[in-house]
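Asker: for reference, the sequence and a predicted model appear below.
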Amino acid sequence: MESQYTSTWYGDIHHDLLTKFAAVKLLVCDVDGIFSDGRIYLGNQGEELKAFHTRDGLGVKALLTAGIQVAVITGRQSQIVADRMRALGVPHIYQGQHDKMQAFRAIQEACSVSDNETASIGDDLPDLPMLQASGLALTVYDGHPFLQQQADYVTRQRGGFGAVREVADLILLSQGLLHQVHESST
């Protein structure tokens with residue numbers, strides 16, 4: 001009897017779930033707790049610092065090169081986020097979004113994609129409406145337990161430590177495009 005699972009670097013994935021990954025044309029990401037570990041570092045001069053993982057950067061660039069759109073929606077406003085996302089080539093950057101669904105729908109319209117072609121990844125309750133509207137709902141290993149219950153997939157990696165790369169790998173693998181990853185991880 002043939003297995004209903006495919007073995008990946010991140011464990012065995014059910015074929016139905018891989019079908020959802022294969023349909024993705026747009027990945028919408030929260031920032032804090034997804035691209036970063038969720039902590040906010042404040043300096044004595046009021047400067048805000050965040051740490052980003054280069055593996056996540058390579059994953060984003062690989063998706064964009066493969067024709068998968070990437071967007072970020074965050075409730076905070078930060079020049080660091082704008083600079084990092086621009087360096088990666090992310091075309092859709094929405095900051096200061098307390099109701100993320102308005103930006104989510106605007107991005108879908110700009111990219112001409114449906115809910116079933118959209119994956120979203122978030123780590124806490126403000127991200128829930130995006131996850132519920134997406135064909136593929138994702139959260140991170142250290143995300144809020146309620147989101148983990150609602151998600152189609154929980155990453156093996158923590159937010160800020162390669163979770164975005166894991167999602168990118170699975171999207172590319174499911175679409176037969178993983179072999180095309182030749183980007184550098186600026």
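Answerer: Good, I have the coordinates. Numbering: from 1, shown residues only.

Asker: point out where the protein drops to low pLDDT.
Answerer: 1, 181-186 (pLDDT under 70).

Asker: separation between the one residue sitting closest to the centre of the chain and Gln69?
Answerer: Centroid-nearest residue in the chain: Cys29, 4.1 Å away (criterion: Cα atoms, centre = their mean). To Gln69, Cys29 is 11 Å away according to Cβ to Cβ, to the nearest Å. C-beta here means a position set from N, CA and C on the backbone, and glycine is covered the same way.

Asker: next, the buried residues of stretch 20-40.
Answerer: For stretch 20-40, a neighbour-count test (16 or more other Cβ atoms under 10 Å) marks 20-21, 23-38 as buried.

Asker: so where do the strands sit in the protein?
Answerer: Secondary structure of the chain by DSSP state E: the strands cover 5-8, 11-14, 26-29, 41-42, 48-49, 69-73, 92-94, 118-122, 136-139, 153-154.

Asker: now the ones you listed as TSV including distance to Met101?
Answerer: Converted to TSV, the strands of the chain look like this (distance: least, Cβ to Cβ, whole Å):
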stretch	distance to Met101
strand 5-8	31
strand 11-14	28
strand 26-29	11
strand 41-42	29
strand 48-49	26
strand 69-73	9
strand 92-94	11
strand 118-122	11
strand 136-139	14
strand 153-154	21
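
Asker: and these: which comes nearest Arg86?
Answerer: strand 92-94 (7.4 Å; Cβ to Cβ).

Asker: which outside residues touch the closest one?
Answerer: By Cβ atoms under 8 Å, 6 or more residues apart in numbering, the residues outside strand 92-94 that reach it are 69-74, 81-82, 85-86, 100, 103, 106-107, 110-111.

Asker: emit the PyMOL select command for whichever of those are buried.
Answerer: Of the contacts of strand 92-94, the buried ones can be selected in PyMOL as follows, counting by 16+ other Cβ under 10 Å:
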select buried, resi 69+70+71+72+73+74+81+85+100+103+107+111
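
Asker: who wins for proximity to Ala168 among the strands of the chain?
Answerer: Nearest of those (Cβ to Cβ): strand 26-29, 7.6 Å.

Asker: chain center to the closest one: distance?
Answerer: 5 Å (Cα atoms, centre = their mean, to the nearest Å).

Asker: show me the helices in this protein, by range?
Answerer: All helices of the chain, identified by DSSP state H, fall at 15-22, 54-65, 79-88, 100-111, 128-133, 145-150, 163-174.

Asker: show me what contacts Leu26?
Answerer: Ile68, Gln69, Val70, Ala71, Ile107, Gln108, Cys111, Val113, Glu117, Thr118, Ala119.

Asker: what do you get for Gly59?
Answerer: Gly59 neighbours (Cβ under 8 Å, 6+ apart): Val164, Arg165, Glu166, Val167, Ala168, Asp169.

Asker: go again using 10 Å as the cut-off
Answerer: Gly59 makes contact with 27, 53, 70, 88, 162-172, 181, 183, 185 under the criterion Cβ atoms under 10 Å, 6 or more residues apart in numbering.
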